[in-house]
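**Q** From the sequence below, what's the structure:
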Amino acid sequence: MNEHFSLKKYDPIAVGKQAEAKYSSGELEEAQMIYQSALLEWQDDVREMGDNCDTMQLEQLRHAIASLWLSYANFNRQVKQVRLFVCGIWIGDKET
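**A** Next up is the predicted model:
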């Protein structure tokens, strides 16, 4: 097991709560940035870990990333913001 791996760091529920708190304070863009920053960081971590972690750790992290993406999509749906995302590139924002 990788001694630097801590599943607590990869907690999509905690990220969602932090984003919701920002949104409740009227800071929509900051709330979205919380999600975006976590997603970028976690995905970078997967690339950096490479062969340095076992399969179970990698699967746990991938599951956390997938859960965070779903949480982020649900958050944007709830606040009526849709990000147009195609092939890994933001192509615009649209209010629904």
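
**Q** Tell me where this protein has strands.
**A** With DSSP state E applied, the chain shows strands at 81-86, 89-95, listed in chain order.

**Q** got any ranges where this structure has weak pLDDT?
**A** Residues of the chain meeting the criterion pLDDT under 70: 1-7, 81-96.

**Q** Just give me the neighbour total for residue 13.
**A** Neighbour count of residue 13, defined by other Cβ atoms under 10 Å: 11. From N, CA and C alone the C-beta is placed, and that goes for glycine too.

**Q** so how far is residue 27 from residue 67?
**A** 23 Å (Cβ to Cβ, to the nearest Å).

**Q** ranges for the helices of this structure?
**A** 12-24, 28-49, 55-78 (DSSP state H).

**Q** buried set for the last one?
**A** If you call a residue buried by 16 or more other Cβ atoms under 10 Å, then helix 55-78 has these buried ones: 57-58, 61, 64-65, 67-69, 71-72, 75-76.

**Q** Nearest to residue 8 among these?
**A** Nearest to residue 8 among the buried residues of helix 55-78: residue 64, at 10.5 Å, using Cβ to Cβ.

**Q** How about the contacts made by that closest one?
**A** Contacts of residue 64 were listed using Cβ atoms under 8 Å, 6 or more residues apart in numbering, and they are 7, 10-12, 42.

**Q** again, 10 Å this time
**A** Residue 64 is in contact with 7, 9-13, 15, 38, 42, 46, counting by Cβ atoms under 10 Å, 6 or more residues apart in numbering.

**Q** CA-only coordinates of stretch 22-38 in PDB, if you can.
**A** Taking only C-alpha atoms (Å, rounded to 0.1, in the frame of the first residue of the first chain), the coordinates of stretch 22-38 have been written out as PDB:
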ATOM      1  CA  LYS A  22     -20.100  28.500  -0.700                       C
ATOM      2  CA  TYR A  23     -23.200  28.500  -2.800                       C
ATOM      3  CA  SER A  24     -25.400  29.200   0.200                       C
ATOM      4  CA  SER A  25     -23.200  32.300   0.700                       C
ATOM      5  CA  GLY A  26     -24.100  33.500  -2.800                       C
ATOM      6  CA  GLU A  27     -20.800  32.400  -4.300                       C
ATOM      7  CA  LEU A  28     -21.800  30.200  -7.300                       C
ATOM      8  CA  GLU A  29     -18.500  30.500  -9.200                       C
ATOM      9  CA  GLU A  30     -16.500  29.700  -6.100                       C
ATOM     10  CA  ALA A  31     -18.600  26.700  -5.400                       C
ATOM     11  CA  GLN A  32     -18.100  25.400  -8.900                       C
ATOM     12  CA  MET A  33     -14.300  26.100  -8.600                       C
ATOM     13  CA  ILE A  34     -14.300  23.900  -5.500                       C
ATOM     14  CA  TYR A  35     -15.600  21.000  -7.600                       C
ATOM     15  CA  GLN A  36     -13.300  21.800 -10.600                       C
ATOM     16  CA  SER A  37     -10.200  22.100  -8.400                       C
ATOM     17  CA  ALA A  38     -10.800  18.800  -6.600                       C
END
